[in-house]
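1. my questions concern the predicted model and sequence given below.
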Amino acid sequence: MHSQIAALLTASIDEITRRWVDDLRHNSRTEVHKQLLTADIVDGVKGMLASLAQAIELHEVPEGDGDVAPPPAARITNYKITNDELDSGEFVIPNSASAAPPPAEPPKEWLSTRPLYGPLTQARESAASLGRLRHKQAYEIQEVIYEYVKLRQEVLNTVRSPQFLQHASAHQTLAYIDRLLDELMLTTVEHFYNTSVRDLEKRAIRDPTTQLYNREFFQQRLNEELRRAVRYAQPIAVAMLDLDKLKFINDTYGHAAGDEAIRMIANVIRDTVRQADVPCRYGGDEFAVILPETAKPQALAFAQRVLAAMRSLALVVVPGDLQVDVLGSRVVNEGAAGAVFAPAPTISIGVASFPEDARNPETLLAKADEALYRAKHEGRNRVSD
């Protein structure tokens with residue numbers, strides 16, 4: 001029975017997805033939704049249905065449903081254990097129609113297997129990919145569920161033939177297929193939701209332009225890292241970085257060049273820091289980096305590496321369409337008419353450390369800021385402590 005359904009479902013995958021896509025396009029509320037039924041989505045659904053058919057053939061069941069799915073006739077109902085039986089440990093099951101004894105062995109068609117990496121796992125992975133992709137396409141959760149409702153209808157309509165419905169176990173088999181479809185829908189919804197949560201968390205702590213941490217997250221982590229440094233008697237340093245003459249770049253080459261200069265310094269910082277460091281965009285053209293377990297000499301060495309990396313770059317501006325690129329970080333179109341090579345933007349850096357300069361977060365940050373302004377006062381493009 002299961003093998004026949006699996007074969008029918010496998011042979012009907014293209015027809016099922018075609019009807020599913022036609023139905024969704026007919027009922028889509030906007031043209032954008034019609035366009036979002038991309039080849040990635042359709043191919044993902046086809047792959048998921050192919051794995052679903054294999055899972056049905058192998059009688060796989062979702063985790064937690066048990067390895068055996070007995071028919072309802074095997075269940076014992078309306079029987080209560082008496083106190084005497086409980087004390088003696090001997091139970092006698094009444095021989096009645098409402099309490100028919102189970103068969104000695106479950107029918108072979110109800111035995112189910114769960115391979116370590118079987119078709120059902122592959123189907124769930126396809127369902128998870130669909131959830132992540134629909135979130136990326138800015139779908140609403142109810143729209144994701146609606147698509148599954150339509151897909152369920154197409155699958156069940158395909159297998160629910162008159163010959164199938166005459167089979168003794170048709171009802172249980174339909175319930176089994178319905179349970180597998182539920183599992184796939186829940187997987188898609190779960191990954192859609194988890195991706196949404198991660199995206200919100202990322203937006204809450206990241207600067208949208210540079211993808212570095214934002215100021216609020218920096219303040220939180222500075223408090224945590226300084227408490228840890230005090231507890232374990234470890235050094236910690238803070239570096240404040242400021243882009244020199246950003247207004248000159250904006251006024252001379254346009255705000256596109258200024259934005260690219262900000263992204264450029266962010267990339268340099270990201271490439272220079274260690275995994276344990278906390279880089280952030282502190283505001284405007286100002287950046288800050290927490291350097292845990294770092295004494296002042298090592299923090300100054302970090303600042304010098306950032307300076308050296310910035311000196312090896314240059315802005316390339318194409319005024320015609322405001323294309324901006326960074327020489328050394330991406331390939332520049334040498335044939336672009338009117339390309340302008342802007343002077344390499346420079347930065348000034350101030351460094352302060354615990355315990356030499358301060359013993360609380362506010363003072364440590366203030367000391368790093370003072371060092372930054374000393375670097376600017378002394379001529380910019382340098383490090384001060």
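-> Structure's in. What do you need?
2. which strand or helix spans the most centrally placed residue in the chain?
-> In the chain, the residue lying closest to the centroid (CA atoms, centre = their mean) is Thr195, at 4.4 Å. For Thr195, the host element (DSSP states H and E) is helix 170-205.
3. pretty sure the residue nearest to the centre of the chain contacts His135?
-> Yes. Assessed by CB atoms under 8 Å, Thr195 is found in contact with His135 at 4.4 Å. C-betas here are computed from N, CA, C, even on glycine.
4. what lies in contact with the helix or strand containing Arg25?
-> Element membership for Arg25, per DSSP H and E: helix 13-27. Defining contact as CB atoms under 8 Å, 6 or more residues apart in numbering, one finds that helix 13-27 is touched by 9, 33-34, 37, 42, 45-46, 49-50, 53, 147, 150-151, 154-155, 158.
5. what's the first-to-last distance across stretch 344-363?
-> 33 Å (CA to CA, to the nearest Å).
6. so for that stretch, mean pLDDT?
-> Stretch 344-363 comes out with an average pLDDT of 91.
7. how about stretch 211-231?
-> 93.
8. which parts of that stretch are buried?
-> Leu212, Tyr213, Asn214, Phe217, Phe218, Gln219, Arg221, Leu222, Glu225, Leu226, Ala229 (16 or more other CB atoms under 10 Å).
9. same question for stretch 204-212.
-> Within stretch 204-212, the residues scored as buried using 16+ other CB under 10 Å are Arg206, Asp207, Thr210, Leu212.
10. just name the shakiest helix or strand of the chain by mean pLDDT.
-> Within the chain, no helix or strand scores below helix 83-88, which has a mean of 47 by mean pLDDT, DSSP states H and E.
11. what is the helix holding Thr195 packed up against?
-> Using 3 or more CB pairs under 8 Å, 6 or more residues apart in numbering; DSSP states H and E, the elements in contact with helix 170-205 are helix 2-11, helix 39-57, helix 119-136, helix 141-159, helix 215-232.
12. the same query, at a cut-off of 10 Å, please.
-> Secondary-structure packing of helix 170-205 (3 or more CB pairs under 10 Å, 6 or more residues apart in numbering; DSSP states H and E): helix 2-11, helix 39-57, helix 119-136, helix 141-159, helix 162-165, helix 215-232.
13. what about this structure, any weak spots by pLDDT?
-> The chain contains residues with pLDDT under 70 at 28-34, 64-117, 316-343.
14. outline the domain layout of it.
-> 2-70+106-205, 215-384 (automatic domain parsing).
15. deepest of those domains, which one?
-> domain 215-384 (a mean of 18; mean count of other CB atoms under 10 Å).
16. now do that one: distance to the chain's middle.
-> 28 Å (CA atoms, centre = their mean, to the nearest Å).
17. stretch 46-53 too?
-> On the basis of CA atoms, centre = their mean, stretch 46-53 sits 23 Å off its chain's mean C-alpha point.
18. what comes into contact with it?
-> 2, 5-14, 16-17, 20, 60, 118-130, 151, 154-155, 158, 177, 180-181, 183-184, 187-188 (CB atoms under 10 Å, 6 or more residues apart in numbering).
19. export that stretch as PDB, just CAs?
-> Provided in PDB are the C-alpha atoms of stretch 46-53 (Å, rounded to 0.1, in the frame of the first residue of the first chain):
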ATOM      1  CA  LYS A  46       9.800  19.200  -5.800                       C
ATOM      2  CA  GLY A  47      12.800  18.000  -3.800                       C
ATOM      3  CA  MET A  48      10.800  17.900  -0.600                       C
ATOM      4  CA  LEU A  49       8.000  15.900  -2.300                       C
ATOM      5  CA  ALA A  50      10.500  13.400  -3.700                       C
ATOM      6  CA  SER A  51      12.000  12.900  -0.300                       C
ATOM      7  CA  LEU A  52       8.500  12.600   1.200                       C
ATOM      8  CA  ALA A  53       7.600   9.800  -1.300                       C
END
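20. so which helix or strand takes in Phe287?
-> Going by DSSP H and E, Phe287 is part of strand 286-292.
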